[in-house]
Each structure stands twice: as C-alpha cells, then as structure tokens.
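Novice: sharing a model that was predicted from the sequence below.
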Amino acid sequence: MPAATTTSFRSARWTRTAHLFAQAVLLLTLVVGLNYLATLHAWRFDLSRHRLHSLSPETLSYLRELPAPVKIIVTLTDSNDNDTVAQAYRDVRSLLREYFEASSANPRAPITVEYVDVYQNRAAAQKHGIEQPNVILVTSGDKRRIVELDKLYKIKDREKVAFLGEQAFTAVILDVTRPAKQKIFFLTGHGEMDLADTDPARGLSVLRDELSIRNFELRTFNLATDDRTQLRDAALVVLAGPQGRYSADEQELLRRSLSTQAGRVLALLAPATPHGLDDLLYDWGVLADDVVILDNGPEGRSDTGDLILYPTTSNHPVVDFLATNKIPLRFGPSRSVRADPGRNIDAGLNVIPLLATSATAWGERAYRQGGNPVFDDATDLPPRLAVGTASDRITARGNLPFSIRGGRLVVFGGADWAANGRLAAAGNLSLVLSSVNWLVDRDTQLTLPPRPIERFQLSLTTAQLGRLRLTLLFALPAVSAILGLIVAWSRRR
C-alpha cells in the first residue's frame, strides 16, 4: 500500500477521533453549564392535578415574612413496621422539601429539616429533648411545638381521604415564631384543680406538661386578689373544677371579658357543686343542669365505672377528629351541659353540643337523697344528654363582607376527666387539646386546602391476566427481534 494512502487513513482516523473528543467536551460543557444555570435560576413546575407538590400562596406569603429561623426535627422513618408511620414519613418528607425550598426567599429566617432515628442516634434525639420515636418537633429559639400524627390526615370511614400536613405545619411554624407565647390563666381561690398537683384524681400536672410542650405560657390567677387588668393578657381562662361559688363581681368580670374583649373561657363544672355562673352561661345560651348523670347500660359504663360519652355528629372542630374516628371519652361524675331552651334568640350566637351520653343514661335530680335511684320522667332529665357544649358569638358589622371575632365558651359537665388519672384514657387528651386550640384560634385560622389522597387500583380478570402474561413473554421479545432483523437487513444493503 502506498505511503500516501496510509498517511491519508491515519490522518482521517485522527481527525475523526478529534471530532469525537471535541463533541464529548462540548456535550460535557453543555451539561455542566445547564446545571450551573439551574442552580442559579431554578424553575419548578407542578403538573399534578391537585398541585400536590406545591405550597399554597397563603403559606408562601407567611414564609416570606417569618421573623425568625425555624428548625423541624422528624423522627419518623421509612422502614417503620407500622404502615401508617411509613406513609406519614413519605408524605412529610415530600412536604418539608417544599418548605425548605420556599424558605430560601427569606434568608434571614430559613427553615431547616433534620431527620433523626431515635434508636440509632440517641445523642441527637436527647439534644432536642426527644425520648420517643414518631415525633415531629418544630422549634424556633426556645419555643417548641409537637405536630401530632393524627393532625396530618383527614379520616373518613377509617380511611385517609386527605393530607392536612400543610395546614398543620404552617400553623405550628406561625405559632413558634410569634413574638410572645399565648397565655392561659387557670383560676384559683375556689378550690380549683391545681397545675402543680400530681394527684391522679385532682391534679393537673400532666395537662400542664402537655400545654407547656405546645408553647403555652401557664399561670394561676385569682379574680379576687390579683390585678384584674392582667386578665386582658389571657388568650384563655380555665375554670378547672371549682368547689365553691364565684361571686357576683367575679362572674361579671368574666362576662365582660367574653362579651366586650372577645375573651375565651373553658369551664369544667363538676356536678353537685354550685358555681355561681348561671347568668354568664345564660348570656351564651348554655345551661348547666343541677343533676348527676346515671347510666346502668352496657354502653354507658366502663369496666372501671367511668361514664362513657360519645362525640356528637356535629362537625365542630373540637370533636371532629373524635367523631370521625368513633373515639369514646371517659368521664367521672358528670352533670348535663346543654343548649339552654330558654335562651334569647341571637343570630350571631352559635351553640353546639359536643358530647352526649348513651341512650340508657338519665339526669338524676334527687341525687342527694341517696338510696338506689331510678329514672323519674316527671323530674329527671331523659336520655340522651349533652355533657359538653360550645358557644361562640360572631358579630357582623354593617355591610362588611366579613365578621368580627367574638368570644368563645366551652363548658363540660365534669372536671376529673382532665386530671392526671384519666387524661391518657381514650380521647381525653385529644379533647382537651382540641378545645384549647379552638378557643385560642390555634390551627383553625388557616384556610389552606387539604390535599386529597387518590388511590388507583388495576383490576383485571383471569383471562386478561393470561393475555398480559403472553404479551410480556412472547409479543414484546418478538417485536424486538423483528426490529433487529430489519436493521440488520438494511445495513447489509
């Protein structure tokens, strides 16, 4: 072969190699350049039908104005044997990624997320004060809030139908970044239950710890001796099982707080004890009957003698979760607390029963006489009795397209259900926390839409499964073989 021909082939080969190398360099440069531009100017598009991978405009506006950094510690794991926890981990992880990305628009108050396995990394869990798994803790400075797993989903017929994570996390983030904690005043001076008491029957130390974890500031307050102007600072006033009657002056002070200052009151009124709040309750359409509820039916008493109560069918935020999941409540001695049939007609007053007895209970008026009482339809209250009632007043101003925030009142006809010994039973803790949250407007002030959980199921008959199996075994390989033969034949030409 002539030397010139050999040189020509060699130069062509080197030229082709140089072209390939240049193409590789250009392609690599293009990829690196595109990734560099993407880090500086990222564009994200949510093409899902319900925008499942985007935060709402309301949340984004809140995150842009956050005054302080927020840290979220998640102890859920994807490998958990509990399918509910594993699904919650996946949903929460996807959602918190959106919060992290959105917080970049506010560099002075970023949101950071840390995932901690309490079994494999005990030191990190203890650093954050976490002792148990499956906890989501949100902190900002010295403020801490727990996001409960049961607040992340809307349950219907014992199935998850919507993911409420954005509502829950946005509300908690706003709460821990508030300049000041919300204050809850527990009244004293009338034999009320004590926050520092560890007694199972009358102590509230467990409730104190639960509320403190949720970033509330708790203090005791005596209406007769303390500075009454401080009552304006209270986000909520709690009357926990008073053993004596409030004076007319003290009742008037609470009435003014509810009516003119949009105050909030949670009253736990045990039976057989005068409370002196009849006029206040009448103003809000509530009647606390002087009866003791008796129930000898199988659905009305537990094996320990507790009175079993059931959430009403109302869609009130206080009992919505309990009613949806059919969770009963355990109360000790109780009285009836119901809507007052003789209340004044007030279009702005909304009175809703929250809890009710079974169909075999009645309200015994002659409970002081002892003996073996039986139902007397002439004097006693007939079944089914309300034992908890919520009342709120919303005032419309002129022709404005919105209403003015008014007072709120929740009254239960028992007190020991919130004590240390019963607070862990069934839904008792959930009831007291949801009552507090509703009264102080926590977790109910957001209008964020839930994210529906869609389920898709492929249903095939036996014949269809057989055809699908044959297609996968023979048809697809045959198509690939035919395409290969066509390519080989065209190249030989």
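Specialist: Sure thing, it's come through.

Novice: would you list the phi and psi of the closest residue to Leu287 other than its chain neighbours?
Specialist: Leaving aside its chain neighbours, Leu287 sits nearest to Asp340 (3.9 Å; criterion: C-beta to C-beta, 6 or more residues apart in numbering). Where C-beta positions appear, they are placed from N, C-alpha and C, glycine not excepted. Taking degrees, to the nearest 10, you get phi -70, psi 120 for the backbone angles of Asp340.

Novice: how many residues are close by Asp340?
Specialist: 17 (other C-beta atoms under 10 Å).

Novice: so it sits right up against Gly285, yeah?
Specialist: Yes. Contact criterion C-beta atoms under 8 Å: Asp340 and Gly285 qualify, at 5.2 Å.

Novice: identify the contacts common to those two.
Specialist: Listed as contacting both Asp340 and Gly285 by C-beta atoms under 8 Å, 6 or more residues apart in numbering are Val351.

Novice: pLDDT score for the spatially most central residue of the chain?
Specialist: By C-alpha atoms, centre = their mean, the chain has its centre lying nearest to Lys151, at 2.9 Å. For Lys151, the model assigns a pLDDT of 79.

Novice: tell me how far it lies from Gly414.
Specialist: Distance check for Lys151 against Gly414: by C-beta to C-beta, to the nearest Å, it reads 25 Å.

Novice: how about Phe169?
Specialist: In terms of C-beta to C-beta, Phe169 sits 34 Å off from Gly414.

Novice: one more: Pro57?
Specialist: Applying C-beta to C-beta to Pro57 and Gly414 gives a distance of 44 Å.

Novice: more neighbours, these two?
Specialist: Gly414 (25 against 9).

Novice: now the more buried one. Nearest residue, chain neighbours left out?
Specialist: Closest to Gly414 by C-beta to C-beta, 6+ apart is Ser334, at 3.8 Å.

Novice: the one you found: what's it in contact with?
Specialist: Neighbours of Ser334 in contact, by C-beta under 8 Å, 6+ apart: Ala270, Pro271, Val292, Ile293, Leu307, Leu309, Val387, Gly413, Gly414.

Novice: can you give me the neighbour number for the fifth one?
Specialist: Just to be clear, that refers to Leu307. 23.

Novice: same thing with the fourth one?
Specialist: The number of residues packed around Ile293, counting by other C-beta under 10 Å, is 26.

Novice: go on, Leu470?
Specialist: 10.

Novice: need the next SSE after the helix or strand encompassing it, C-terminal direction.
Specialist: Per DSSP states H and E, Leu470 falls inside helix 462-470. Counting by DSSP H and E, the next helix or strand C-terminal to helix 462-470 is helix 476-492.

Novice: pLDDT of that next one, averaged?
Specialist: Here the average pLDDT along helix 476-492 is 82.

Novice: quick check, distance from that helix to the centre of its chain.
Specialist: 59 Å (C-alpha atoms, centre = their mean, to the nearest Å).

Novice: quick one: the helices in the stretch 51-200 of the chain?
Specialist: 57-64, 83-102, 122-127, 165-176 (DSSP state H, counting those that start in this stretch).

Novice: those helices: which one's closest to Thr139?
Specialist: Thr139 sits nearest to helix 165-176 of all the helices of the stretch 51-200 of the chain, at 6.5 Å, using C-beta to C-beta.

Novice: counting neighbours, what do you get for Thr112?
Specialist: 13.

Novice: quick one: residues contacting it.
Specialist: Thr112 touches Pro69, Val70, Lys71, Ile72, Phe100, counting by C-beta under 8 Å, 6+ apart.

Novice: quick check: beta-bridge partners of the third one?
Specialist: On DSSP bridges, the residues paired with Lys71 through beta bridges are Thr112, Thr139.

Novice: and it, what is it in contact with?
Specialist: Ile111, Thr112, Val113, Glu114, Val138, Thr139, Ser140.

Novice: for it, give me the pLDDT.
Specialist: 95.

Novice: and the last one, by the same measure?
Specialist: According to the predicted model, the pLDDT of Phe100 comes to 90.

Novice: and what of the one 4 residues further on?
Specialist: Reported pLDDT at Ser104 in the predicted model: 83.

Novice: so how many other residues sit close to it?
Specialist: 11.

Novice: quick check: closest non-adjacent residue to it.
Specialist: That would be Pro110: by C-beta to C-beta, 6+ apart, it lies 7.1 Å from Ser104.

Novice: is the residue nearest to Gly414 in a helix, a strand, or coil?
Specialist: Secondary structure of Ser334, reduced to three states by DSSP: H, G, I helix; E, B strand; the rest coil: coil.

Novice: between the contacts of Lys71, which is nearest Pro353?
Specialist: Among the contacts of Lys71, and counting by C-beta to C-beta, the member closest to Pro353 is Val138, at 33.5 Å.

Novice: how far away is Arg245 from Gly285?
Specialist: 22 Å.

Novice: which one of these two is surrounded by more residues?
Specialist: Gly285 (22 against 14).

Novice: in a helix, that's where Asn420 is, yeah?
Specialist: No. If the criterion is three-state DSSP, then Asn420 is coil and not within a helix.

Novice: now for it: which residues touch it?
Specialist: Counting by C-beta under 8 Å, 6+ apart, Asn420 makes contact with Thr198, Asp199, Pro200, Gly203, Leu204, Ser205, Val206, Leu207.

Novice: of the residues you listed, closest to Leu253?
Specialist: Leu204 (22.6 Å).

Novice: can you report how many residues neighbour that closest one?
Specialist: The number of residues near Leu204, taken as other C-beta under 10 Å, comes to 28.

Novice: so what does Thr220 look like in phi/psi?
Specialist: phi -90, psi 150.

Novice: next, count neighbours for Leu349.
Specialist: Neighbour tally, Leu349, other C-beta under 10 Å: 18.
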